[in-house]
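Asker: Give me a 3D structure for the following:
(one chain, ligands or ions: 1)
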Amino acid sequence: MELAKASSDRGELTLRRRDDGALELRVNGVFVMDDQETSSEELLASAALAAVPRPDRVLVGGLGLGYTVRALLADDRLGEVVVAEIEPDLVSWMRTGLVPSVLDDPRVAVVVGDVRVVVADLPDASVDAILLDVDNGPDFLVYNENSAIYTSMFLATCRSKLRAGGVLTVWSSSASPALESAVTAVFGTCDVKPVPVELQGRDELYYVYQGSS
Ligand SMILES: C[S@@+](CC[C@H](N)C(=O)[O-])C[C@H]1O[C@@H](n2cnc3c(N)ncnc32)[C@H](O)[C@@H]1O
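Answerer: Got it, this is the predicted structure:
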């Protein structure tokens, strides 16, 4: 059942309740996120938190249904979570309760915009972690323009915004040797974490890529 629909310059955003009871987000008909299998989105947060000695200020690219942000907020060392979300209607759906909200926590600041711009606007050395989950991975983009996010040029911009010891952590639905190379080129090494998930009865692997400054 369709719960909400919105149009933007990028196309159509749909929130629906599936027959199995799951809440599902789609962009231009393509699956983006649901509330059934959220372990890898939560691991994106825990991998970053585990790698940073004193996480205080973190930037997340892609609000989605809020699972990564919620996992970050469970850590009371965090003072601020800046969330860059390109779709204003998704933020509204969370504010009105159509999507369970993570925005009431005073530590959350949402910026409606492209994560590339939001990161570029950060002062240098100002965040402890940047977490990117804006596509189904570098090889399954939600928007074609997002291909720039996985280039060493943008990853180097991310690195310049990290405090000493900070991390860049990127979610992907598939193994991406190109992303591993780009992270390695910018950070010197890349930690690759495969995450076993069960999708509608099938065993699959998602991936988290991480570079430490
Ligand atoms: C896969 S979902 C994120 C899932 C999220 N980690 C969670 O736990 O629910 C991707 C999100 O990124 C947003 N997005 C896509 N491209 C973006 C961009 N360039 N900048 C900011 N947000 C973007 C989409 O609108 C969507 O909300």
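Asker: what about whichever residue of the chain sits closest to the ligand, distance to Leu132?
Answerer: Ranked by CB to the nearest ligand atom, the top residue of the chain for proximity to the ligand is Gly64, at 2.3 Å. Heads up, the C-betas are built off the backbone N, CA and C, glycines and all. Going from Gly64 to Leu132 by CB to CB, to the nearest Å gives 12 Å.
Asker: And those two? Which one has more around it.
Answerer: Using other CB atoms under 10 Å as the criterion, Gly64 and Leu132 rank with Leu132 on top: 27 against 24.
Asker: picking up where we left off before, could you pull up the residues touching the residue of the chain closest to the ligand?
Answerer: Contacts for Gly64 (CB atoms under 8 Å, 6 or more residues apart in numbering) come out as 25, 32-33, 41, 90, 133.
Asker: ok, now which ones touch Asp203?
Answerer: With CB under 8 Å, 6+ apart, Asp203 has these contacts: 196-197.
Asker: Next, see if the helix or strand where it lies gets close to the ligand.
Answerer: Counting by DSSP states H and E, the element that carries Asp203 is strand 202-212. No. Between strand 202-212 and the ligand, judged by CB under 6 Å from any ligand atom, nothing touches; the nearest distance is 11.0 Å.
Asker: Now do that strand: distance to the chain's middle.
Answerer: Centroid separation between strand 202-212 and its chain, computed with CA atoms, centre = their mean, to the nearest Å, is 13 Å.
Asker: can you check stretch 113-129 too?
Answerer: From the chain centre to the centre of stretch 113-129 is a distance of 14 Å (CA atoms, centre = their mean).
Asker: Can you mark which positions in it are buried?
Answerer: Neighbour-count burial for stretch 113-129, counted by 16 or more other CB atoms under 10 Å, picks out 114-116, 118-119, 122, 127-129.
Asker: could I get those as JSON lines with pLDDT, secondary structure and distance to the ligand?
Answerer: Listed next are the buried residues of stretch 113-129 as JSON lines, based on pLDDT from 0 to 100; DSSP: H, G, I helix; E, B strand; the rest coil; distance: CB to the nearest ligand atom, whole Å:
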{"residue": "Asp114", "pLDDT": "98", "secondary structure": "coil", "distance to the ligand": "4"}
{"residue": "Val115", "pLDDT": "98", "secondary structure": "helix", "distance to the ligand": "4"}
{"residue": "Arg116", "pLDDT": "98", "secondary structure": "helix", "distance to the ligand": "6"}
{"residue": "Val118", "pLDDT": "98", "secondary structure": "helix", "distance to the ligand": "7"}
{"residue": "Val119", "pLDDT": "98", "secondary structure": "helix", "distance to the ligand": "9"}
{"residue": "Leu122", "pLDDT": "98", "secondary structure": "coil", "distance to the ligand": "14"}
{"residue": "Val127", "pLDDT": "98", "secondary structure": "strand", "distance to the ligand": "16"}
{"residue": "Asp128", "pLDDT": "98", "secondary structure": "strand", "distance to the ligand": "18"}
{"residue": "Ala129", "pLDDT": "98", "secondary structure": "strand", "distance to the ligand": "14"}
